[in-house]
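>>> model the structure of this input:
(one chain, ligands or ions: 2)
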Amino acid sequence: MSDLNTLVEKQRTKFREKFKFSAAEIQKLADRIKPENVSNDIFSRFEEGSDGRKWQVEFLNILENKVSKDIYLKFQDVLAERKGYSCTGCATCCNLACSEFSPAELQKRADSGDNFARQFLSVFIPYGSKEDARKVYPEYIALLEANKEDEVYFYHCPKLTEDKRCSDYENRPQICRDFPDNPLCILPSSCGFCRWREKTEDTVLLLHAMIEVVEYYKDKISVNL
Ligand code: SF4
Ligand code: SF4
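Ligands and ions are numbered 1, 2, ... in the order given. Here you go, the predicted structure:
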């Protein structure tokens, strides 16, 4: 198994653990405010005005106004920590970007107002073939081939010079300035933000797990209100 495969596998295992932990913590939160005279669980259908219904409403408020807010603030802390790290100019992210969308699909999205698609197309052009992309970051392409069922399209930036410099650095768009904006994204070992990812990965996995659990509770309770 390649280093990259091992890294992704470890990330998945950690996520499963964080998910179990988050589910237990959220359930504890619901149990803590459960009225003594209610025996059914939080996902049950309760009569309007009943203590069970009031419990559900109170819990949804906690999820919305406390838990979700805390998650958002913790994400902001992680992004603020990124400032302690910087790009080393390896140029991998300029030379290889991938998308689940073809150029035509991206164009369609851009035309209908998708800002990310618009910026992406203003920077990247498609590779002639997957084999050309493979030369830039072979491990990454192999990982996608092994794990991704849907087609992936590979792109590169024509503004990158032969000596791996951005020929329009001052005017580079926001997506270039923001990369990487998520510590869970796969970075080449040459990337100056790898340490940021290592340092914040556990926290971000936990936050992602929390979001999934919170959304699950919100959806499942709301259908009964
Ligand atoms: S515009 Fe510059 S920074 Fe952005 S991808 Fe192209 S070469 Fe890289
Ligand atoms: S992969 Fe990381 S270090 Fe390399 S150019 Fe992109 S941001 Fe900079």
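
>>> the least confident helix or strand in the chain by mean pLDDT near ligand 2 at all?
When each helix and strand of the chain is scored by mean pLDDT, DSSP states H and E, helix 138-147 comes last, with a mean of 85. No. Legend: contact between helix 138-147 and ligand 2 by C-beta under 6 Å from any ligand atom is lacking; minimum distance shown is 11.0 Å. For the C-beta atoms, the positions are set from N, CA and C on the backbone; glycine is no exception.

>>> go through that helix and flag the buried ones.
Applying a neighbour-count criterion of 16 or more other C-beta atoms under 10 Å, one finds 139-141, 143-144 buried in helix 138-147.

>>> likewise stretch 40-47?
In stretch 40-47, counting by 16+ other C-beta under 10 Å, buried: 42, 46.

>>> show me what that stretch is in contact with.
Here stretch 40-47 makes contact (C-beta atoms under 8 Å, 6 or more residues apart in numbering) with 30, 34, 38, 52-53, 55-56, 59, 217, 220-221, 224.

>>> I'd like the mean pLDDT over that stretch, please.
The average pLDDT within stretch 40-47 is 96.

>>> and what of stretch 202-220?
Here the average pLDDT along stretch 202-220 is 97.

>>> how far off centre is that stretch?
12 Å (C-alpha atoms, centre = their mean, to the nearest Å).

>>> who's in contact with it?
With C-beta under 8 Å, 6+ apart, stretch 202-220 has contacts from 11, 14-15, 18-19, 21-23, 26, 30, 42-43, 59-60, 63-64, 67-68, 71, 74-75, 78, 182-184.

>>> kindly report the same for stretch 21-34.
42, 55, 58-59, 62-63, 67, 206, 209-210, 212-214, 217.

>>> and the residues you listed, which two are the farthest apart?
Trp55 and Leu206 (26.1 Å; C-beta to C-beta).

>>> the contacts of stretch 202-220: which ones sit near ligand 2?
Okay, of the contacts of stretch 202-220, nothing touches ligand 2 (C-beta under 6 Å from any ligand atom).

>>> now the buried members of those residues.
Here, 16+ other C-beta under 10 Å leaves 15, 18-19, 22-23, 26, 30, 42, 59-60, 63, 67-68, 74-75, 78, 183 buried among the contacts of stretch 202-220.

>>> domain parsing for the chain?
Residue ranges for the domains of the chain, per automatic domain parsing: 3-84+200-222, 92-192.

>>> confidence-wise, which of the ones you listed is weakest overall?
domain 92-192 (a mean of 91).
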